[in-house]
Structures are given as C-alpha cells and as structure tokens.
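Student: fold the following for me, if possible:
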Amino acid sequence: MRSGHEAGYEEWIRGIAADARQVEGHLGVNILRPQPGTSADYVIVLQVVVCLIVINGGNHHG
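Tutor: Okay, here's the model as predicted:
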C-alpha cells in the first residue's frame, strides 16, 4: 500500500470484515496491522468452516 492511502485501505478492510460476517460458517476475521514506522504489510485472516463431503458412489478399492 502506498503511503497516504491508509484511510482508504482501512475502510476497505471494514467492508471485507462486514461481508465476511455474512458468510455461512464464518468464525472470525483477524487483522494484523503494521506498526507505525515499519514497512510491514497488513495481514488479514478470514476464518470459515468448510465441510466437504465426498461420495464414492459405491466404488471400493481394495
């Protein structure tokens, strides 16, 4: 992110977090912000429960 654009980026993060709360299986959003004066990046972790069901169709490998 370019210097001076932090406010717009923070607004975007708030929108992403709000949208994420609407997703079925949402567990949380963690936002790790860079410390002032560092060149570190933002890190956004979206936590969602995902359930995958695999149906084998009766095929058995044995």
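
Student: center of this structure, which residue is that?
Tutor: Leu46 (2.5 Å; CA atoms, centre = their mean).

Student: so where's this structure shaky on pLDDT?
Tutor: 1, 57-62 (pLDDT under 70).

Student: can you check my assumption that the residue nearest to the centre of the chain lies in a strand?
Tutor: Yes - under DSSP: H, G, I helix; E, B strand; the rest coil, Leu46 falls within a strand.

Student: helices along this protein, start to end?
Tutor: 6-21 (DSSP state H).

Student: wait, the residue nearest to the centre of the chain sits on Gly25?
Tutor: No - using CB atoms under 8 Å, Leu46 makes no contact with Gly25, being 10.6 Å away. Where you see a C-beta, it was placed from the backbone N, CA and C, and this is true even at glycine.

Student: any common contacting residues for the two?
Tutor: Shared contacts of Leu46 and Gly25, defined by CB atoms under 8 Å, 6 or more residues apart in numbering, are absent.

Student: picking up where we left off before, how much space separates the residue nearest to the centre of the chain from Gly37?
Tutor: With the distance defined as CB to CB, to the nearest Å, Leu46 ends up 27 Å from Gly37.

Student: over to Val48?
Tutor: Noted for Val48: a distance of 33 Å to Gly37, by CB to CB.

Student: out of the two, which sits in the busier spot?
Tutor: Val48 (12 against 6; other CB atoms under 10 Å).

Student: quick check: closest non-adjacent residue to the more buried one.
Tutor: Spatial nearest neighbour of Val48, chain neighbours left out: Gly25 (4.9 Å); criterion: CB to CB, 6 or more residues apart in numbering.

Student: could you list every residue that touches the one you found?
Tutor: Contact analysis of Gly25 by CB under 8 Å, 6+ apart lists Val48, Val49, Val50, Cys51.

Student: among these, name the ones in strands.
Tutor: When DSSP state E is applied, the contacts of Gly25 are split such that Val48 fall in strands.
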